[in-house]
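*Asks:* Next comes the sequence, and after it the predicted model I'd like to discuss.
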Amino acid sequence: MTHQAAIVILTDFAADSAAVYRALGTAQEFVQAGDDVKIVFDGSGVDSLAAIAAPEHQLHDLLESLRDQVAGACGFCAKAHEAATAITEAGYPLLTDNKGHASLRDLVVEGRTVLTF
C-alpha cells in the first residue's frame, strides 16, 4: 500500500538544523518505501531551502536526491525573507496559489498526510 505524504518544512536551518535534517530524512524514508511525497518549504523554512540549495552545504546532496519531490517554497515568505533569488536560481519554484502563499489546503485536498517540521 502506497501513501501520499507532504513534508512541510517551517524551520530555519540556522535555528534548528536537526529538524530540517529529520524532515528531509523522513521524506527520503517515504520515497524509499515507494510512497508519493511532496516537500514544501514555508515560513522560515524558505531560509533553509536557500541555504541547503548551495552546493557546499552539508545537506545539499540529500536535498538533490529529493529534488523531484520538492514542490517548492512559499513565494510570499521567500520574498519576505529575501530568499527568493537563491531559491529560484537553484531551480526551485515559488508557490503562490493561495493569495501569494503556498497552499497547504491543496495538500490535504490531494489526500496527503501533512507532516510539519
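*Replies:* Alright, I've got the coordinates.
*Asks:* What is the burial count for Asp47?
*Replies:* Neighbour count for Asp47, taken as other Cβ atoms under 10 Å: 24. C-beta coordinates here come from the backbone N, C-alpha and C atoms, glycine included.
*Asks:* Was I right to think Leu10 contacts Gly43?
*Replies:* Yes. Between Leu10 and Gly43 a contact is recorded at 4.3 Å, counting by Cβ atoms under 8 Å.
*Asks:* so what's the residue lying closest to His101 once chain neighbours are set aside up against?
*Replies:* Of all residues not flanking His101 in the chain, Phe76 sits nearest, at 4.7 Å (Cβ to Cβ, 6 or more residues apart in numbering). Contact analysis of Phe76 by Cβ atoms under 8 Å, 6 or more residues apart in numbering lists 96, 100-101.
*Asks:* how near is the residue of the chain most remote from its centre to Glu110?
*Replies:* Seen from the C-alpha centroid of the chain, the residue lying at the greatest distance (Cα atoms, centre = their mean) is Met1, 24.2 Å away. Met1 is 17 Å from Glu110, where distance means Cβ to Cβ, to the nearest Å.
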